[in-house]
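>>> Let's see this in three dimensions:
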Amino acid sequence: MRADPWNHEEVGVTSATSVERTLILIVEDDEDSREVYTDILVNNGFEVETTTSGVEGLRLARELHPGAILMDVSLPDLDGWSVTAQLKADPETVSIPVIVVTAYAFPEDRARANQVGCEGFLTKPCEPSRVLAEIQWLLRR
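So this is what the prediction gives:
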């Protein structure tokens with residue numbers, strides 16, 4: 001068992017051949033972060049859909065059923081915690097892995113991620129390779 005259950009870095013970054021063409025939904029209102037995450041994922045064989053809105057993220061998750069969701073916490077309309085809780089309460093979206101990406105790195109934030117059902121937790125600033133490794137790990141489990 002890992003000392004930190006949220007740390008999947010030791011998995012390493014590999015090509016996305018086994019998860020190629022998997023759709024990843026990025027719900028992130030920071031343009032720079034959204035672009036960086038999109039670039040690394042697209043360059044590794046993933047399809048990407050993005051939105052800056054929690055409400056729109058909820059709609060897209062239900063409509064598109066992505067392979068995983070990269071979820072910011074601080075969003076302008078509906079926060080990432082609420083979006084994730086709604087997705088995990090819905091039988092149609094409960095199985096979609098959600099990786100929360102947040103600048104809040106306190107123990108209570110990690111506890112909240114567990115509470116709402118997140119499968120991954122990354123703190124900002126986050127290296128793009130770490131985002132890729134986390135998504136690959138979740139899709140292989």
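>>> wait, doesn't P76 sit right on T51?
No - using Cβ atoms under 8 Å, P76 is not in contact with T51; the gap is 11.0 Å. C-beta coordinates here come from the backbone N, C-alpha and C atoms, glycine included.
>>> if you count what's nearby, which of the two comes out ahead?
Using other Cβ atoms under 10 Å as the criterion, P76 and T51 rank with T51 on top: 19 against 10.
>>> Give me the phi and psi for the more buried one.
Per-residue torsions, T51: phi -150, psi 160 (degrees, to the nearest 10).
>>> For R110, see how far away it is.
Separation of T51 from R110 (Cβ to Cβ, to the nearest Å): 25 Å.
>>> Any idea how many residues pack against P97?
Residues near P97, counting by other Cβ under 10 Å: 20.
>>> actually A133, not the one I typed
When neighbours are defined as other Cβ under 10 Å, A133 has 20 of them.
>>> State the helix or strand in which it lies.
Using DSSP states H and E, A133 maps to helix 128-140.
>>> Repeat that for S95.
Residue-wise, S95 maps onto no helix or strand under DSSP H and E.
>>> Give me the spatial nearest neighbour of D30, chain neighbours excluded.
D72 (7.1 Å; Cβ to Cβ, 6 or more residues apart in numbering).
>>> in the sheet, who's paired with the most centrally placed residue in the chain?
What sits nearest the mean C-alpha location of the chain, by Cα atoms, centre = their mean, is L70, with 2.0 Å. Legend: beta-bridge partners of L70 under DSSP bridges are I26, I99.
>>> got the contact list for it?
24-28, 37, 99, 101, 131, 135 (Cβ atoms under 8 Å, 6 or more residues apart in numbering).
>>> As a check, name the ranges of all strands in the chain.
Counting by DSSP state E, the chain has these strands, from start to end: 23-27, 47-51, 68-72, 98-102, 120-123.
>>> What's the mean pLDDT across the first one?
Which is strand 23-27. Mean pLDDT, strand 23-27: 98.
>>> With that, I have no additional questions.
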